[in-house]
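**Student:** quick one, fold the following:
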Amino acid sequence: MNTKKILLLLTATLTLAQAAFASGVAGYPNDTFQADLTNKVSLQNGAKYFINYCAGCHSLQYQRYNRMFKDLEIDPEIGAKNLIFTGAKAVEQMHTGMSAAEGLKWFGQTPPDLSLTARAKSGAYIYNYLRGFYLDDTRPLGFNNSIFAGASMPNPLWELQGIQKPVYSEEKTCATVDGKEACETHSTLTGFDIVTPGILDKDPAKNKEAYDQVVYDISNFLSYVSDPSALDRMRMGPWVLAFLAFLTMIFYLLKREYWRDIH
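**Tutor:** Down below sits the predicted model:
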């Protein structure tokens, strides 16, 4: 395989990987998600919603409050007053106030730390997962999830989203086996119907739009948490490229000087 074919193969692989990263996940909903770490308002809102609705059970053990305040441009005094509810200091890691034993007792297992979830499963997974809760009387807590079937947690954002029930489409397929017709009916989840409205807006359509934005902000925030140094790389990247371009020019002039007498 020549160099040109190798480069084309690498380019195609990277393109597919990037598309998969930005795309949705298996199941319904299956919408695309693209993190925007330059949107500080979104990141701040995501931090607010995560701490108010998720941090009671889930920790971010690889993230510190003061680092979050600095990166997201949150005033330390305001952040300490409104975003720290465990009595921790700003220099400490973002641990949950719930013990592992309590989590095991209430949910059947200890709620996982979410520091690296966006890297392990992608932001698209979080974005679709938080919109996939639905009523299920067969589950111990009354909820199931279309992205992660059998999830042991209820919908932490139910009052914002509202409570929804699944909508299925049925398809009947028949085949003749040994002279007899055998038929099967397959059900596919195609959507949700709201049975209890959310509190973000009185208009159901506008509430859905507002809730999608809340979930986007949380997913965006967890994407930042999974790789805080990405902000530094984005800030330093143009300067590094400019330095390399300048260095390339210097090396080129130096090369010309070395080879001038030879040519």
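**Student:** quick one, helices of this protein?
**Tutor:** Ranges of helices in the chain, per DSSP state H, are 3-22, 40-53, 65-71, 76-83, 100-107, 117-121, 123-129, 158-161, 204-226, 229-259.
**Student:** just want the angle from whichever strand in the chain runs longest to helix 204-226.
**Tutor:** Ranked by number of residues, the top strand in the chain under DSSP state E is strand 180-197. Interaxial angle of strand 180-197 relative to helix 204-226 (axes from the mean of the first three to the mean of the last three Cα atoms, to 10 degrees): 90 degrees.
**Student:** helices or strands up against strand 180-197?
**Tutor:** Counting contacts by 3 or more Cβ pairs under 8 Å, 6 or more residues apart in numbering; DSSP states H and E, strand 180-197 packs against strand 162-177, helix 204-226. (C-beta placed from N, C-alpha, C; glycine too.)
**Student:** out of the helices of the chain, nearest to T185?
**Tutor:** Closest approach to T185 among the helices of the chain is made by helix 123-129 (26.3 Å; Cβ to Cβ).
**Student:** tell me the most buried of the helices of the chain?
**Tutor:** Highest mean neighbour count among those (mean count of other Cβ atoms under 10 Å): helix 123-129, with a mean of 24.
**Student:** first-to-last residue distance for stretch 125-141?
**Tutor:** 22 Å (Cα to Cα, to the nearest Å).
**Student:** ok, L130 touching I218?
**Tutor:** Yes - taking Cβ atoms under 8 Å as the definition, L130 is a contact partner of I218 at 6.6 Å.
**Student:** returning to that earlier point: mean pLDDT lowest where, among the helices of the chain?
**Tutor:** Mean pLDDT per stretch puts helix 3-22 lowest among the helices of the chain, at a mean of 50.
**Student:** related to what we said a few turns ago, in TSV: the helices and strands packed on strand 180-197, plus distance to P197.
**Tutor:** Shown next, in TSV, are the helices and strands packed on strand 180-197 (distance: least, Cβ to Cβ, whole Å):
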stretch	distance to P197
strand 162-177	5
helix 204-226	6
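**Student:** do you know how far the residue positioned nearest the centre of the chain is from D201?
**Tutor:** Geometric centre of the chain, nearest residue: G123, 2.5 Å, by Cα atoms, centre = their mean. From G123 across to D201, the span is 25 Å (Cβ to Cβ, to the nearest Å).
**Student:** one step back: between the helices and strands packed on strand 180-197, which gets nearest to I250?
**Tutor:** Short answer: helix 204-226, nearest of the helices and strands packed on strand 180-197 by Cβ to Cβ, at 36.4 Å.
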